[in-house]
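1. Following is a predicted model, sequence given first.
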Amino acid sequence: MGEGVGVHLTSQRRTGEFGAARSPAARQWAAVAIVASLAFIFWLDRWTDVAPFQHLYYAPIILAAVVFGRRGGFLTALAAVALYHLADPGRRSLIYREADAVETALFVAVGLVTARFVSDGRRLRHLAMTDDLTGLHNLRSFEARLDAIIGDASSSGGPVSMLLVDVDHLKAINDEHGHLAGAEAVREVGRLMAATMPPGAVACRYGGDEFAIALPRMGAAEAVQAAEGLRQAVQAAAPLLAGRSFEAGTLSVSVGVASRAFAASAGGAPPGWSREAAGEALFRAADVALYAAKDAGRNCVVAERREP
């Protein structure tokens, strides 16, 4: 998108462990599946001495580690160890064979190692879709989210708006107070963006001091209101930059706003239409409005002007 445009704002907020960020319903069904699997495997292992059914315990242990993280994998492994002992009279009396000791150790190891791999994978995915400075989405992640937003709007009917935001006079801050202060000014604007934008907004930093925000199901008037709220929040902030406190009004932003309404169509998209083209057109319109805001003196919000 241009030279590169690239959150769900809330999606970047971390939760203790990079693990189970799933819906409550999915977690409940996973818990049911884990308990049912443990019970079924215990029944097979208890009533059948021919096949090594105890190896099936690895399946619920791995599922628990994937869905519930390290704690879930560990607790399920302990449950598997207990059931493994209860299923065999010899193991209940702690008469261990070497294979029994290895099996119980492997239950716990598989739970912990799987949870670690899943956590590391999610951490890497988080880093791959995040702008290092602000914690907002990067270009690749933003474009994927914008594509989905436009797809939803074209299917259900409804508007999509975009804000392009430029931090005013960042070069002056860099020149006078150093590039660290400038970087922290950009980070502060990103923080305020995450704090003030409505639920469902998707944002990214696509240049040194420029941001893009996609607003699903939001028309022009609401988008202008959201942009003005962000502008006021930035102007009212008294930031701490490079260890030095600055007064309110030090930072300001210029914002360009563009909106498009999508009519639901069961017959498919018109010829030549694509989500990518629609996103590009929305971005270009917001970019024109942003330049108008800069020409108007900065520290203001300008919406695109469309021919009646």
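-> On my side now, so go ahead.
2. now stretch 195-208: mean pLDDT?
-> Averaged across stretch 195-208, pLDDT comes to 90.
3. Quick one: end-to-end distance for it.
-> 20 Å (Cα to Cα, to the nearest Å).
4. ranges for the strands of the stretch 51-200 of the chain?
-> Secondary structure of the stretch 51-200 of the chain (DSSP state E, counting those that start in this stretch): strands at 158-167.
5. Just the buried positions in stretch 189-199, please.
-> Neighbour counts using 16 or more other Cβ atoms under 10 Å place 189-194, 196-198 of stretch 189-199 among the buried residues. All C-beta spots, glycine's among them, are computed from the backbone N, C-alpha and C.
6. repeat for stretch 110-126
-> Buried residues in stretch 110-126, counted by 16+ other Cβ under 10 Å: 110-112, 114-115, 118-119, 122, 126.
7. Now pLDDT and distance to Val202 too, for those residues, in TSV please.
-> TSV is the format used below for the buried residues of stretch 110-126 (pLDDT from 0 to 100; distance: Cβ to Cβ, whole Å):
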residue	pLDDT	distance to Val202
Val110	87	37
Gly111	84	35
Leu112	85	35
Thr114	84	31
Ala115	81	30
Val118	81	25
Ser119	76	25
Arg122	72	20
His126	66	16
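8. Could you export these as CSV, including distance to Ala281?
-> CSV is the format used below for those (distance: Cβ to Cβ, whole Å):
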residue, distance to Ala281
Val110, 51
Gly111, 50
Leu112, 50
Thr114, 45
Ala115, 45
Val118, 39
Ser119, 40
Arg122, 34
His126, 30
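9. nearest to Leu139, of those residues?
-> Of all the buried residues of stretch 110-126, Leu139 sits closest to His126, with 15.6 Å by Cβ to Cβ.
10. in this structure, which helix has the most residues?
-> Ranked by residue count under DSSP state H, the longest helix found in the chain is helix 98-128.
11. Against which helices or strands is that one packed?
-> Applying 3 or more Cβ pairs under 8 Å, 6 or more residues apart in numbering; DSSP states H and E, we find helix 98-128 packed against helix 58-86.
12. what about the helix it packs on, distance to the chain center?
-> 28 Å (Cα atoms, centre = their mean, to the nearest Å).
13. need the contact list for the nearest residue to Ala183 once chain neighbours are set aside.
-> Excluding the flanking residues, the one nearest Ala183 by Cβ to Cβ, 6 or more residues apart in numbering is Leu133, at 6.3 Å. By Cβ atoms under 8 Å, 6 or more residues apart in numbering, the contact list for Leu133 reads 183, 186-187, 190, 205.
14. let's go with 7 Å and repeat that
-> By Cβ atoms under 7 Å, 6 or more residues apart in numbering, the residues touching Leu133 are 183, 186-187, 205.
15. pLDDT below threshold where in this protein?
-> For the chain, residues meeting the criterion pLDDT under 70 lie at 1-22, 49-51, 89-100, 124-128, 264-273, 306-308.
16. ok, now with 80
-> 1-23, 48-54, 85, 87-104, 119-129, 131-132, 139, 263-273, 306-308 (pLDDT under 80).
17. Can you show me the helices along it?
-> With DSSP H as the definition, the chain shows helices at residue ranges 24-47, 58-86, 89-92, 98-128, 139-156, 170-177, 179-196, 220-236, 275-295.
18. Pick the most buried one from those helices.
-> Most buried of those by mean neighbour count (mean count of other Cβ atoms under 10 Å) is helix 58-86; its value is a mean of 21.
19. okay, the angle between it and helix 98-128?
-> Helix 58-86 runs at 150 degrees relative to helix 98-128, counting by axes from the mean of the first three to the mean of the last three Cα atoms, to 10 degrees.
20. elements contacting helix 58-86?
-> Here helix 58-86 touches helix 24-47, helix 89-92, helix 98-128, going by 3 or more Cβ pairs under 7 Å, 6 or more residues apart in numbering; DSSP states H and E.
21. Same list as before, the ones you listed that is, but in CSV and with distance to Ala153 included.
-> Formatted as CSV, the helices and strands packed on helix 58-86 follow (distance: least, Cβ to Cβ, whole Å):
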stretch, distance to Ala153
helix 24-47, 26
helix 89-92, 59
helix 98-128, 26
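22. Next, work out how far apart the nearest residue in space to Ala242 that is not next to it in sequence and Val224 are.
-> The shortest distance from Ala242 to any residue other than its chain neighbours is 4.0 Å, reached at Ala181 (Cβ to Cβ, 6+ apart). Ala181 is 30 Å from Val224, where distance means Cβ to Cβ, to the nearest Å.
23. Likewise for Thr134?
-> For Thr134, the distance to Val224 - Cβ to Cβ - is 23 Å.
24. Also Arg191?
-> Separation of Arg191 from Val224 (Cβ to Cβ) stands at 22 Å.
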